[in-house]
Each structure stands twice: as structure tokens, then as C-alpha cells.
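>>> Quick check, what structure comes out for this input:
(one chain, ligands or ions: 1)
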Amino acid sequence: MTKCIVMFSGGLDSVMATHILKEQGLQVHALHFVLPFESGLGMKHEEVKRHADRLGVELRIEEEGEEFVRMMRDPHFGYGKHVNPCVDCRIHRLRKAKKIMEEIGAAFIATGEVIGQRPMSQRRESMRMVEKRSGLEGYLLRPLCAPLLEPTIPEEKALVDRGRLPAIKGRGRKEQLAYAKAHGLSHGSPGGGCVLTQEGMAERYADLLAHTPDYTLRDFKLLAYGRRFRLKDDAVLIVGRNCAENTVIEKLVEPDDIRIELEEIPGPLGLLIGNGDEDAVQKAARIIVRYSRVRENESAKVTILSKEEMQALRAVPAKDKECDALRV
Ligand code: SF4
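The predicted model follows:
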């Protein structure tokens, strides 16, 4: 049976691409990439697994790390509307997929792309350029819109029947939704949800770049979690918004960080990174208290834990105005 790889987000388009190729008798290997924010944190990616299982295909998960951050620093094709380097990101992932294709002996790679669906990365010229730059010329099939593009090698070799592929174009997803309904497919929300396409992320990334141009993978990961406060040019505070975020932040603590926690009552975990001088610590303690259940006219005991010492202090909640002024 001919093997192929589908770039699999678990969203509507990649689920449909997988189903189409399976229906044509191909052995599909679903390849899912995880952005650095979730890499190395023991996350389970249950939803993607469920969609792959429902389709009956093998799933491979590739977690991205330093190499993604290197690309992020200086994307050759720039960013989209926010800090999403979509064209570079696609090339980068397809290059990795090519290696896997060679490793497992797959005949080609497929994506759920639809011509004209996204302004930056799914224009005809951009799709062709991505194919070339990733070294996949002729081996990159877009089953959802293939008849609108040049025939690929798997189509020419009749590994895939071009005549049975749909010719979808544009931003609407009516045809994909109808196909999914007709075949009872389970899929994630159409369009997915890359955190790099969110406005808030663009602001946080700009703040990181301005204050820590030589940021690390860990600094980058932390952009996706918690409330973020720029206490001073060389000090930032991350405050978990819920239990799950506290757990992630806990995993990302480094020896030079200062942990800030409430001592007697439940509340968020705070991570002070950078210059933990008296002023920064006091501000951080007040902000942590602000996001606990302590009332405006009360105070709470806060523990400050650095690699040198542990100290306790009482702090009153920061005023909303102060928090808003420091919030990134
Ligand atoms: S939306 Fe995010 S994951 Fe998708 S190509 Fe763009 S940057 Fe990469």
C-alpha cells in the first residue's frame, strides 16, 4: 500500500484531506506539529489523537523547540497580521516532514490547504514558493483543491486519482463542512487556533523582544501563559490565571527566578524574572494578592522564594489602576 503523510492539525481541512486520501486506498500517516509553547511539558494532545483515531490513521507528534524560536526571531517572509510567521512556519514544518517522508518511505506529503483561504500563505504563488523552498517540488499534494493547481507527481503516477479530488477555493468552509457531515467526520474547530495569530500575543512578544532581545526558549514559552506584568525594564512578573497555568509555570521555573506565593490562602503562583530588587518584589507581592480572594481593605502573607533566601511579607492588594498600567 502506498504511504503518504498528511500535515494534520486535527482541524476540518486536514481531517478531510486525510479522509479523501484514505478513501483512495492510501496508507495515511498523520503528522501533527506542536508549537514550542506546549513542547516538553508532558501535554497529551488528546483532541488531535481522538480525531486521528476516528479516522483510523497512525499519528506522529513532533514538538517544536529551539529551531522554531530561531525562525521566529527573523522570519524571512515576515509576519502575518500579528506575530504569525506563517510562510516560514510552513516551509520549516514541510522540511521536517520531508525528512520523515524519506525515513518512512512515504510517496508524498499532503496538506489541507485550500487556495485563497488565507491571505498570506494560501495564495497560489505563495503555495508554489513554499513547495519549492521546502524541497518538495512535485511531491506536495493539496487534495482539497488539487484540480485547481498543477498536477503533482503522485497524481501523474496515478497514486492519487486527480479526477476524484474536489476543487475547493476561497475562505468559506461550506463544502468542507458538508463533506464532514456526509462522512460523519470528527474534527477540531475550522481554522484552528494558533496562539501566534492572537493580538495579545503580538503585544507580549513585542515587549519580550524590546526588553530581552536574546530571549530563550523558556522565555518564549512563558508568553502563552498567565497574566504578564512589566514591572521595570529588566523585570517581568507572570501570574497564573488558574490551576492549569500554575502547573505549567511551575514546570518552567529556573534557578534564578523568584517564586511568589500566598502563604495562608489559595492563590496564583507568581514568577518574577529578572531584577528582583526590593521595589520589584513589593510590586509583585501586591499584584499576587490582588489576584487572590483577599479583599481591598485586607492584607495577606506572601512568601518570596529565591535561590538565596526565603522571606515572608504582608502585602495589600495592588489597585486595578496599578495593575493595568503594568500589564502587557
Ligand atoms: S497559523 Fe501558526 S502554526 Fe499555522 S502556519 Fe501560521 S504560525 Fe505556523
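
>>> where does the stretch 1-150 of the chain dip in pLDDT?
119-121 (pLDDT under 70).

>>> Mind doing that once more with 80?
Across the stretch 1-150 of the chain, residues meeting the criterion (pLDDT under 80) sit at 118-122.

>>> So which residues on it come close to the ligand?
84, 85, 86, 89, 90 (C-beta under 6 Å from any ligand atom). Every C-beta, even on glycine, is put in place using the N, C-alpha and C of the backbone.

>>> any idea how far the third one is from residue 78?
Between residue 86 and residue 78 the computed distance is 10 Å (C-beta to C-beta, to the nearest Å).

>>> can you check the first one too?
Using C-beta to C-beta, residue 84 is found at 10 Å from residue 78.

>>> Of the two, which one has the most company?
Between residue 84 and residue 78, counting by other C-beta atoms under 10 Å, residue 84 is the more crowded of the two (22 against 11).

>>> Confirm for me that that one is in contact with residue 197.
Yes - using C-beta atoms under 8 Å, residue 84 makes contact with residue 197 at a distance of 4.6 Å.

>>> Between its first and last residues, how far does stretch 141-152 reach?
Across stretch 141-152, the terminal residues are separated by 6 Å (C-alpha to C-alpha, to the nearest Å).

>>> Mind listing residues that contact that stretch?
The contact list for stretch 141-152 (C-beta atoms under 8 Å, 6 or more residues apart in numbering) reads 4, 13, 16-17, 20-21, 108-115, 124, 127, 138-140, 154-155, 160, 162, 165-169, 176.

>>> For ChimeraX, what selects the buried ones among the residues you listed?
Filtering the contacts of stretch 141-152 down to the buried ones (16 or more other C-beta atoms under 10 Å) takes a single ChimeraX command:
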select :4,13,16,17,20,21,108,109,110,111,112,113,114,115,127,139,140,154,155,160,162,165,166,168,169,176
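
>>> How many residues are close by the closest residue to the ligand within the stretch 151-300 of the chain?
In the stretch 151-300 of the chain, the residue that lies nearest the ligand is residue 194 (3.1 Å; C-beta to the nearest ligand atom). Neighbourhood size, residue 194 [other C-beta under 10 Å]: 16.

>>> what's in contact with the longest strand anywhere in the chain?
If you go by DSSP state E, the chain has its longest strand at strand 27-34. With C-beta under 8 Å, 6+ apart as the test, strand 27-34 has contacts from 1-10, 14, 18, 21-22, 43, 45, 48, 52, 55, 57-64, 93, 96-97, 100, 104, 106.

>>> Give me the buried positions along it.
Within strand 27-34, judged by 16+ other C-beta under 10 Å, the buried ones are 28, 29, 30, 31, 32, 33, 34.

>>> Stretch 168-181 too?
168, 169, 173, 175, 176, 179, 180.

>>> want to try a markdown table for those, with secondary structure, distance to residue 313 and pLDDT as columns?
A markdown table is the format used below for the buried residues of stretch 168-181 (DSSP: H, G, I helix; E, B strand; the rest coil; distance: C-beta to C-beta, whole Å; pLDDT from 0 to 100):
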| residue | secondary structure | distance to residue 313 | pLDDT |
| --- | --- | --- | --- |
| 168 | coil | 61 | 96 |
| 169 | strand | 62 | 93 |
| 173 | coil | 54 | 91 |
| 175 | helix | 61 | 96 |
| 176 | helix | 56 | 96 |
| 179 | helix | 60 | 97 |
| 180 | helix | 56 | 96 |
